[in-house]
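*Asks:* Quick one, structure for this:
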Amino acid sequence: RGKRRSRRYKNPKLKRRKLLYGKSARGSRRVPWDEISLDLDVTKSVENERLVNYRKAAEKVKTYLDAVDELELPPNPLDRLLNELGGPDKVAELTGRNIRQIQRYDESKGRMVVSYEKRRGIGRFDQINIEEKENFQSGRKVVAILSEAASTGISLQADRRVGNQRRRVHITLELPWSADKAIQQLGRTHRANQRTGPMYKFLISDVGGEKRFAAAVAKRLALLGALTQGDRRATGQSSALGLGGFDMDNKFGKKALSTMLTSIWDCSSSTPTDAPDSHVVEVLKLIDSHLGAVIEEGEDWRDNLAPYDCDKKSEQTFYSMMESLLLGSCSQLAENRVDAIKQGKSVAKYFVCLEDGTETKETIKPKIDDELNAAKEAGLNFNVLCFIWLFDVGVTHQSGSAGKIRAPLTVPKFLNRCLGMNLSRQKLM
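*Replies:* Residues are numbered from 1 along each chain as shown. Below you'll find the model as predicted:
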């Protein structure tokens, strides 16, 4: 024990050095995995079996790593904006990071390469944002990228005392949740002694979640104007900043929500839009599957639509929803589908035949199209789809109306519920 301890103290990096040089404790050379032969006789020794298994495992890992290398992942938004707008020589970056990815042309390789670089300035690192601000205000750089770290304490307006007096176009990629922070960030380019006011642009996609977010910020900005200046239409509120179109939590939004829900619960024939056939087929498959199970129970299919007391709570809720839909405003659609199912034209069974291989896409598509057109003529429209979609996110006729205990469904609550849908349904709703 004493000899081993003294030897370790004399050369504490002995073990690490052996690993770096690829030597084992006995001095034998470590063989790279791709040089191990798969033809080794695994029955001859355990060592051969271990080497062959190691080679196979290493090949599998290399396959995974190659697949990862081939992925085309989106770049960092800040780095992409910086590089596509001209690079660090033309873009002023006012952020809190110290390392960034820069894309430059490599003459030796003849192509663009990406490298990691530290943000550098003339002075200390904590003064880089101030230098970049001066570069933008003086006109040496015509584009400025700001993050939340530089959203306060910096003036970037078209000041009469600076060289760059062109009108500012303020593009917002991400809205802050707080109205106070929104006023602070948008106020970087809208301050006193400016020659022209800024033009605000908000990049908001058609995803329902982003519109919901913008609606919440617009509402908070309106409330902030009412609290600070006694007028919700005062300067600095949502309409003045370009967010007035997203403020849906008002009397017009409530009226629109009430009108839309009434059309959905009644399955009105007049619809504001038509859903793609893929969504219609999905709902038609659900209806046929449910009616097919009800018909197999025998007797009158209308009586079988009602839930049983022994069913689970979720099953009772689903059966009650389908009963109110198929025996109510969509009774003609239910009659049409029952006749089609009894004739062996169930869309749900068509998909089963497609899955088990008894039918092909070419042979089954005309059959599904015929049933789709027949269902549309019988009353399957966008409102029926919305009836089922809203049930999936917990909005029903009972929950949407006011009662003795529950309050009526408000615009913010409805928008929050819509976030539970997939993106295509959100866009249609």
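
*Asks:* tell me the phi and psi of residue 171?
*Replies:* Residue 171 adopts backbone torsions of phi -100, psi 120, taken as degrees, to the nearest 10.

*Asks:* Give me the pLDDT value at the nearest residue to residue 246 once chain neighbours are set aside.
*Replies:* Using CB to CB, 6 or more residues apart in numbering and skipping residues adjacent in sequence, the residue nearest residue 246 is residue 214, 4.0 Å away. The C-beta positions use only the backbone N, C-alpha and C, and glycine is treated the same way. Looking at residue 214, its pLDDT is 80.

*Asks:* hang on, residue 214 packs against residue 203?
*Replies:* No - between residue 214 and residue 203 there is no contact, the gap being 10.5 Å when judged by CB atoms under 8 Å.

*Asks:* Counting neighbours, go ahead and name the busier of the two.
*Replies:* Of the pair residue 214 and residue 203, residue 214 is the one with more neighbours under other CB atoms under 10 Å, namely 19 against 10.

*Asks:* pretty sure that one belongs to a helix, no?
*Replies:* Yes - using DSSP: H, G, I helix; E, B strand; the rest coil, the assignment for residue 214 is a helix.

*Asks:* distance of it from residue 198?
*Replies:* 19 Å (CB to CB, to the nearest Å).

*Asks:* Residue 332 now?
*Replies:* Residue 332 is 57 Å from residue 198, where distance means CB to CB.

*Asks:* Those two: which is more packed in?
*Replies:* For residue 332 and residue 198, the more surrounded residue by other CB under 10 Å is residue 198, and the numbers stand at 20 against 12.

*Asks:* quick check, residue 115 in a strand?
*Replies:* Yes - according to three-state DSSP, residue 115 belongs to a strand.

*Asks:* For it, give me its contacts.
*Replies:* By CB atoms under 8 Å, 6 or more residues apart in numbering, the contact set of residue 115 is 101-102, 104.

*Asks:* Run through the bridge partners of it.
*Replies:* residue 102 (DSSP bridges).

*Asks:* Could I get the buried residue list for the helix or strand encompassing residue 366?
*Replies:* In this structure, residue 366 sits in helix 361-377 according to DSSP states H and E. Under the neighbour-count criterion of 16 or more other CB atoms under 10 Å, helix 361-377 has 364, 368, 371-372, 374-376 buried.

*Asks:* Next, work out how far apart residue 368 and residue 281 are.
*Replies:* Distance from residue 368 to residue 281, by CB to CB: 6 Å.

*Asks:* ok, residues contacting stretch 129-147?
*Replies:* 78, 81-82, 85-86, 89-97, 121-123, 150, 154-156, 159, 162-164, 166, 185, 188.

*Asks:* Selection in ChimeraX covering whichever of those residues are buried, please.
*Replies:* In ChimeraX, this line selects whichever of these come out buried by 16+ other CB under 10 Å:
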select :78,81,82,91,92,93,94,95,150,154,155,156,159,162,164,185,188
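
*Asks:* Which of the contacts of stretch 129-147 fall within strands?
*Replies:* Using DSSP state E, the subset of the contacts of stretch 129-147 located in strands is 91-94.

*Asks:* Need the residues you listed in JSON lines (columns: distance to residue 258 and pLDDT).
*Replies:* Formatted as JSON lines, those follow (distance: CB to CB, whole Å; pLDDT from 0 to 100):
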{"residue": "91", "distance to residue 258": "48", "pLDDT": "92"}
{"residue": "92", "distance to residue 258": "49", "pLDDT": "92"}
{"residue": "93", "distance to residue 258": "48", "pLDDT": "91"}
{"residue": "94", "distance to residue 258": "46", "pLDDT": "91"}
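
*Asks:* Residue 427: which of those residues is nearest?
*Replies:* Relative to residue 427, the closest of the ones in strands among the contacts of stretch 129-147 is residue 91; by CB to CB it sits at 33.1 Å.

*Asks:* Residue 142 versus the closest one, what's the distance?
*Replies:* On the measure of CB to CB, residue 91 and residue 142 end up 8 Å apart.

*Asks:* repeat for residue 390
*Replies:* Residue 390 is 48 Å from residue 142, by CB to CB.

*Asks:* And for residue 321?
*Replies:* 58 Å.

*Asks:* contacting residues for residue 188?
*Replies:* Per CB under 8 Å, 6+ apart, neighbours of residue 188: 146, 151, 154-157, 170.

*Asks:* can you list the weak-confidence ranges in the protein?
*Replies:* The model of the chain has pLDDT under 70 over residues 1-29, 224-244, 400-406.

*Asks:* In space, what's closest to residue 382 - neighbours in sequence excluded?
*Replies:* That would be residue 271: by CB to CB, 6+ apart, it lies 4.1 Å from residue 382.

*Asks:* Just say helix, strand or coil for the one you found.
*Replies:* coil.

*Asks:* More neighbours: which of residue 390 and residue 142?
*Replies:* Set side by side, residue 390 and residue 142 show more neighbours around residue 390, with 26 against 14, by other CB under 10 Å.

*Asks:* which parts of whatever helix or strand the more buried one lives in are buried?
*Replies:* Using DSSP H and E, residue 390 falls within helix 382-392. For helix 382-392, the neighbour count (16+ other CB under 10 Å) marks 382-391 as buried.

*Asks:* Which residues does the helix holding residue 366 contact?
*Replies:* 277, 280-281, 284, 333, 336-337, 340, 345, 347, 350, 353-354.

*Asks:* just to revisit the earlier point, quick check: neighbours shared by residue 368 and residue 281?
*Replies:* Jointly contacting residue 368 and residue 281 under the rule CB under 8 Å, 6+ apart are residue 347.

*Asks:* got the CA positions of the lengthiest helix in the chain in CSV?
*Replies:* Across the chain, the longest stretch assigned as helix under DSSP state H is helix 46-69. Only the C-alpha atoms of helix 46-69 are listed here, as CSV (Å, rounded to 0.1, in the frame of the first residue of the first chain):
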residue,chain,number,x,y,z
VAL,A,46,-14.7,-13.9,-24.5
GLU,A,47,-12.4,-11.1,-25.6
ASN,A,48,-13.3,-11.6,-29.3
GLU,A,49,-17.0,-11.5,-28.4
ARG,A,50,-16.5,-8.3,-26.5
LEU,A,51,-14.6,-6.7,-29.4
VAL,A,52,-17.3,-7.7,-31.9
ASN,A,53,-20.1,-6.4,-29.7
TYR,A,54,-18.2,-3.1,-29.2
ARG,A,55,-17.8,-2.7,-33.0
LYS,A,56,-21.5,-3.2,-33.5
ALA,A,57,-22.4,-0.8,-30.8
ALA,A,58,-20.0,1.8,-32.1
GLU,A,59,-21.4,1.6,-35.6
LYS,A,60,-24.9,2.1,-34.2
VAL,A,61,-23.8,5.2,-32.3
LYS,A,62,-22.1,6.5,-35.4
THR,A,63,-25.3,6.1,-37.3
TYR,A,64,-27.1,8.2,-34.7
LEU,A,65,-24.4,10.9,-34.8
ASP,A,66,-24.5,11.1,-38.6
ALA,A,67,-28.3,11.5,-38.5
VAL,A,68,-27.9,14.3,-36.0
ASP,A,69,-25.3,16.0,-38.2
